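1. only geometry, no sequence info:
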């Protein structure tokens, strides 16, 4: 090891002798020779008398050169076997052999202990390519006592200073000296101990002034050893490219540090006036640099939990990335192990730079470290901003890509996973420089990724970003923020053009409105007439293929509005196994509150209930819905979640239309059936006259109830279509029109061959326009995410104002509509009961006369009136309350539905008016 000088061979002595002839100025021999040699010289009096001044000068030169060779040989890692194989010997044995030495001097040479023969070996390679593979030298405390240097107390002050300077040069490089050793608790084989840095102790007997001065410089050695270990550990593959770049920058600084140590060693050997104080002055600036490097390394290691007693496992393990790594055959790493890499390293460097802004030297050092460490991060950032690719093999970029989520699953994606979860932000890996624009960074890459997958930009892969001068490559580049903004504007403009122009998004949305909101629904009325016999069956017995065939026939009818629709092939018939009210109630109950439709992000098909009462069997009318095939990339705007909202509104409007049809058929029954149109004979008296008056009273009450129900349904249907859907649709299309106009204006200015088209990819920035002027095309005024949010807001508002997101309104409205449906379905039964109560109708027909039927009719009608009036009143009260607390739109609905409350109990002339 370095603290124990190795033995020398004969050729070394010859080399030292020839070098001594060329060296004229050297240090005195007493400053470098150990006391043992001085005693041997004094004991050999004969040799001393015959020595001339030339011989004395030559011995000084030889001793100086021997010290230089010994220090260089001990430091060189290229000859560990040679130095250790010979075994350490005493200082007398290191002196060059001479025929003039006295026998007594030869006898004083200490024998080489055979038990001490340390060997250097190669360690197992790691993923750090530049890490040292030489085994750690043994500790000086394990060396035999015969090899140890004499005590400092036996040396003079000059000799102590020379010995301490010599030891410090070794200690500065992380090795033990003869009088400066590691603390007893330091374990060089323990990685955590090496990363913390060794603590040194000075052997007793040193002069106090020298001890204080030497002790103040030992921190440099501790910091150097810790930084050197940090560079070796953090250069491993799993710590990421940002750590690799940081370690490369630190390695350059450590190389300069070793050059300084070599220069100081040269001063020690060639300048006999070089003192410990001068050494301290030379090391002051370097000490400050090493302290800054050590502080940076310590913060990163502390974040890695590599200096703690136990590693704290993170509770938020990224199981998706682990599963994805296992699928690809890569090492998933230890779950929960914290690793400080990527943006987190840059965040620590930035915070350190901010805290040391008042120190010019530290600021310059940390700025250089941040600049070099940010280069690989900026490479990933530019690749994401300009190509839409995530090239992050070590998971250190702020954008996380879930490769398991593919666009092929958009048809069954009820949670918008492709758009919301395929690319997400890692908040912990966002450097402070990107904190304000992280959303723009995310959207820019997402937009370009979609454009690239659709083939919108063909030459995007042929551009080498590393060779481009117009793209910043470090965080300190003044074009850094401008690069992000312009890339975002370009990506947004490209995707907006792709959606609005290439794939005709407005035409698609109008097609959706025709089919799902029953706009221009002449074809759908015809479809319901054709499928009436099939849809009145239970939902599980409906033939879906037959319904699809009938729908195709209707859509291709020459006189139909849908015949000219280019997207009619995308419409499909689907039968749902859960009723509309049950589905919506489950969604609302999962949320735990009466939330807005915008918060109901998971409109997933409700699973079959496994507990409680069995699901009520629904008819084909209640289960009927439409599906719509939307190609990519339009499926990002009209996603499965969005399409489910369309389906909910469609089923609600269909239920109102079907109920209106049932009540209209009931009115037809009331106007055409002879039982209902027959008037009582005026000549009757007595009991027959009283019975006839009661029958007429019952008919009028039934007609009034049917009219109130029809009024309720028609007013509710008109409100949902004309006062909710149409105004919100017009507002949504106006915003879409603004985006379309902007893209058209940009397209005109960027015709093929124009300069603006060539500058689009270069993304030259422009200043904001003055007030009153149109925005320039370099700015993203209307973004794709805003367009998608407008679409979602439109559907959410329609769902909320149609009373489909409030559990209380949903329950009450469903009860009112159920009462109306039941009354309409039992019209034929009421006709039979009425015929049985009339002796003339009963006698002429197959029905037997039963006088008690009339009383039963009054009882049944009273129940219908009570249920309808009570639930309608509760609905009106709830609407009035919500109109005052949430939205005033319900005031118009209250005014319309109040007309349906007239003519019955609680409003208008009641049943007693017909007496």
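-> Yes, it's here. Note that this is a predicted model, so its numbers are computed, not measured. Numbers count the residues shown, from 1 in each chain.
2. Is residue 374 in contact with residue 343, as I believe?
-> No. Residue 374 is not in contact with residue 343 according to CB atoms under 8 Å; the separation is 9.8 Å. All C-beta spots, glycine's among them, are computed from the backbone N, C-alpha and C.
3. Find the residues that touch each one of these two.
-> Common neighbours of residue 374 and residue 343 (criterion: CB atoms under 8 Å, 6 or more residues apart in numbering): 242, 431.
4. Assess the claim that residue 285 and residue 360 are in contact.
-> No. Residue 285 is not in contact with residue 360 according to CB under 8 Å; the separation is 11.8 Å.
5. Surely residue 546 and residue 534 touch.
-> Yes. Residue 546 is within contact range of residue 534, at 6.1 Å (criterion: CB under 8 Å).
6. Between those two, which is the more surrounded one?
-> A direct count of neighbours by other CB atoms under 10 Å for residue 546 and residue 534 places residue 534 higher, at 16 against 13.
7. Helix or strand: which one has that one?
-> Residue 534 belongs to helix 532-535 when assigned by DSSP states H and E.
8. right, and the helix or strand after that helix?
-> Following helix 532-535 in sequence, per DSSP H and E, is helix 544-555.
9. List the buried residues of that following helix.
-> For helix 544-555, burial by neighbour count (16 or more other CB atoms under 10 Å) applies to 547, 550-551, 554-555.
10. same deal with stretch 885-896?
-> 889-890, 892-894, 896.
11. low-scoring stretches of the stretch 801-915 of the chain, by residue?
-> Counting by pLDDT under 70, the stretch 801-915 of the chain has low-confidence residues at 828-853, 903-915.
12. hmm, who's touching the helix or strand hosting residue 813?
-> According to DSSP H and E, residue 813 maps onto helix 807-825. Counting by CB under 8 Å, 6+ apart, helix 807-825 makes contact with 581, 584-585, 588-589, 594, 655-656, 659, 662-663, 665-666, 705-706, 709, 712-713, 803-804, 864, 867-868, 871-872, 874-875, 878-879, 882, all of which sit outside it.
13. same thing but 6 Å
-> Here helix 807-825 makes contact (CB atoms under 6 Å, 6 or more residues apart in numbering) with 581, 584, 588, 594, 659, 662-663, 666, 709, 803, 864, 867-868, 871-872, 874-875, 878.
14. repeat for stretch 343-354
-> Contacts of stretch 343-354 (CB under 6 Å, 6+ apart): 242, 299, 366, 369-370, 374, 398, 429-432.
15. Stretch 562-569 now?
-> Stretch 562-569 has contacts (CB under 6 Å, 6+ apart) with 511, 523, 555.
16. Flag every buried residue along that stretch.
-> So for stretch 562-569, counting by 16+ other CB under 10 Å, buried means 562, 565, 567-568.
17. From start to finish, how long is that stretch in a straight line?
-> Using CA to CA, to the nearest Å, the gap from the first to the last residue of stretch 562-569 comes to 10 Å.
18. now that stretch: mean pLDDT?
-> In this model, stretch 562-569 carries a mean pLDDT of 83.
19. Equivalent analysis for stretch 172-182, please.
-> On average, stretch 172-182 scores 92.
20. now what about that stretch, what contacts it?
-> With CB under 6 Å, 6+ apart as the test, stretch 172-182 has contacts from 2-3, 140, 149, 152, 163, 167, 170-171, 198, 200-203, 221, 225, 261.
21. Between the two ends of that stretch, what distance do you get?
-> Note: stretch 172-182 ends 12 Å apart using CA to CA.
22. buried set for it?
-> 172-182.
23. among the residues you listed, which are in strands?
-> 180-182 (DSSP state E).
24. Give the buried subset of the contacts of stretch 343-354 as a PyMOL selection command.
-> Typed into PyMOL, the next command selects the buried ones out of these (criterion: 16+ other CB under 10 Å):
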select buried, resi 242+299+366+369+370+374+398+429+430+431
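25. Make a ChimeraX selection of the buried ones in the contacts of stretch 172-182.
-> Filtering the contacts of stretch 172-182 down to the buried ones (16+ other CB under 10 Å) takes a single ChimeraX command:
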select :2,3,140,149,152,163,167,170,171,198,200,202,203,221,225,261
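26. Okay, and which of the contacts of stretch 172-182 map to strands?
-> Under the assignment DSSP E, the contacts of stretch 172-182 contribute 200-202 to strands.
27. Let's see the pLDDT reported for the closest residue to residue 374 other than its chain neighbours.
-> In space, and not counting its chain neighbours, residue 374 is closest to residue 475: 4.4 Å by CB to CB, 6 or more residues apart in numbering. As predicted, residue 475 sits at a pLDDT of 83.
28. Residue 657 now?
-> Residue 657 carries a pLDDT value of 91.
29. Show the backbone phi and psi for it.
-> phi -60, psi -40 (degrees, to the nearest 10).
30. same deal with residue 425?
-> Torsion angles, degrees, to the nearest 10, at residue 425: phi -100, psi 130.
31. do residue 574 as well
-> Residue 574 adopts backbone torsions of phi -130, psi 140, taken as degrees, to the nearest 10.
32. Over to the closest residue in space to it that isn't next to it in sequence. Which of the three states is it?
-> Distances taken as CB to CB, 6+ apart place residue 627 nearest to residue 574, at 4.6 Å, with adjacent residues excluded. Secondary structure state of residue 627, per DSSP: H, G, I helix; E, B strand; the rest coil, is strand.
33. Could you tell me how many residues sit around residue 627?
-> Counted with other CB under 10 Å, residue 627 comes out at 17.
34. And the one 4 residues further on, by the same measure?
-> When counting by other CB under 10 Å, one arrives at 12 neighbours for residue 631.
35. do the same with residue 642
-> 21.
36. do the same with residue 257
-> There are 21 residues near residue 257, going by other CB under 10 Å.
37. quick one, strands of the stretch 251-400 of the chain?
-> Here the stretch 251-400 of the chain has its strands, by DSSP state E, counting those that start in this stretch, at 399-401.
38. Could I get the full set of helices for it?
-> 276-303, 319-328, 343-355, 360-387 (DSSP state H, counting those that start in this stretch).
39. Tell me the buried residues in the third one?
-> Okay, so that is helix 343-355. Within helix 343-355, judged by 16+ other CB under 10 Å, the buried ones are 343-350, 352-353.
40. by how many degrees do it and helix 276-303 diverge?
-> Angle of helix 343-355 versus helix 276-303, following axes from the mean of the first three to the mean of the last three CA atoms, to 10 degrees, is 140 degrees.
41. how far off helix 360-387 does helix 343-355 point, in degrees?
-> Computed by the same axes, to 10 degrees, the angle between helix 343-355 and helix 360-387 is 140 degrees.
42. residues of stretch 475-494 that come out buried?
-> Going by neighbour count (16+ other CB under 10 Å), the buried part of stretch 475-494 is 475, 480-481, 483-494.
43. residues near residue 273, how many?
-> Counted with other CB under 10 Å, residue 273 comes out at 7.
44. picking up where we left off before, hmm, which of the contacts of helix 807-825 are the buried ones?
-> Of these, these count as buried by 16+ other CB under 10 Å: 581, 584, 588, 659, 662-663, 666, 709, 803, 864, 867-868, 871-872, 874-875, 878.
45. Make sure residue 274 is actually in contact with residue 268.
-> Yes. Under the criterion of CB atoms under 6 Å, residue 274 makes contact with residue 268 at 5.5 Å.
46. which stretches of the stretch 451-600 of the chain form helices?
-> 480-497, 505-516, 522-530, 532-535, 544-555, 580-591.
47. Could you dump those helices into a markdown table and include mean pLDDT and distance to residue 623?
-> Conversion of the helices of the stretch 451-600 of the chain to a markdown table gives the following (pLDDT from 0 to 100; distance: least, CB to CB, whole Å):
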| stretch | mean pLDDT | distance to residue 623 |
| --- | --- | --- |
| helix 480-497 | 88 | 37 |
| helix 505-516 | 91 | 16 |
| helix 522-530 | 86 | 14 |
| helix 532-535 | 88 | 9 |
| helix 544-555 | 90 | 10 |
| helix 580-591 | 74 | 9 |
